[in-house]
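Enquirer: after the sequence you'll find the predicted model.
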Amino acid sequence: MFFFNPFWPLTALRIASLKATSTFLLLLLIKSNLLRLKGGLLGGIVALTLISGLIVSTTVAGGAAYYIFQNNKSNDDDANISEDDVINAEVVSA
């Protein structure tokens, strides 16, 4: 025999609140995972930008040093050094 429960609205309310709470917690968990994924992607992009900037600046500095070294070497060939350590260089005027 089936008895009528007079507290069924409270039971229904308790089940509905449990469903709402579990749905809310699931949404927060999904949001947290998405934010963590987004933060990881942004952090990776920032790290990649910093590393590539370091490589580019090192390459430019190395190229400049090589250019200065080669230019210095060719300038040393133009100067004539005598026996008494006096540098004799030709003056070029435009």
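Expert: On my side now, so go ahead.

Enquirer: contacts, neighbours, all on C-alpha from now
Expert: Noted.

Enquirer: would you map the helices across this protein?
Expert: Here the chain has its helices, by DSSP state H, at 8-78.

Enquirer: so where is it shaky, pLDDT-wise?
Expert: Across the chain, the ranges flagged by pLDDT under 70 are 1-2, 73-94.

Enquirer: what do you get if the cut-off is 90, keeping everything else the same?
Expert: 1-12, 33-42, 66-94 (pLDDT under 90).

Enquirer: count of neighbours near residue 6?
Expert: 8 (other Cα atoms under 10 Å).

Enquirer: hang on, I meant residue 16
Expert: A count of nearby residues for residue 16, using other Cα under 10 Å, gives 12.

Enquirer: now it: how far from residue 5?
Expert: 17 Å (Cα to Cα, to the nearest Å).

Enquirer: then residue 69?
Expert: 96 Å.

Enquirer: equivalent analysis for residue 38, please.
Expert: 50 Å.

Enquirer: comparing the two, which shows the higher neighbour count?
Expert: residue 38 (12 against 8).

Enquirer: next one: that one from residue 55, what distance?
Expert: For residue 38 relative to residue 55 (Cα to Cα), the value is 26 Å.

Enquirer: over to residue 29?
Expert: Counting by Cα to Cα - residue 29 and residue 55 are separated by 39 Å.

Enquirer: quick one: contacts for residue 17?
Expert: Going by Cα atoms under 8 Å, 6 or more residues apart in numbering, residue 17 touches no other residue.

Enquirer: and it, how far from residue 23?
Expert: In terms of Cα to Cα, residue 17 sits 10 Å off from residue 23.
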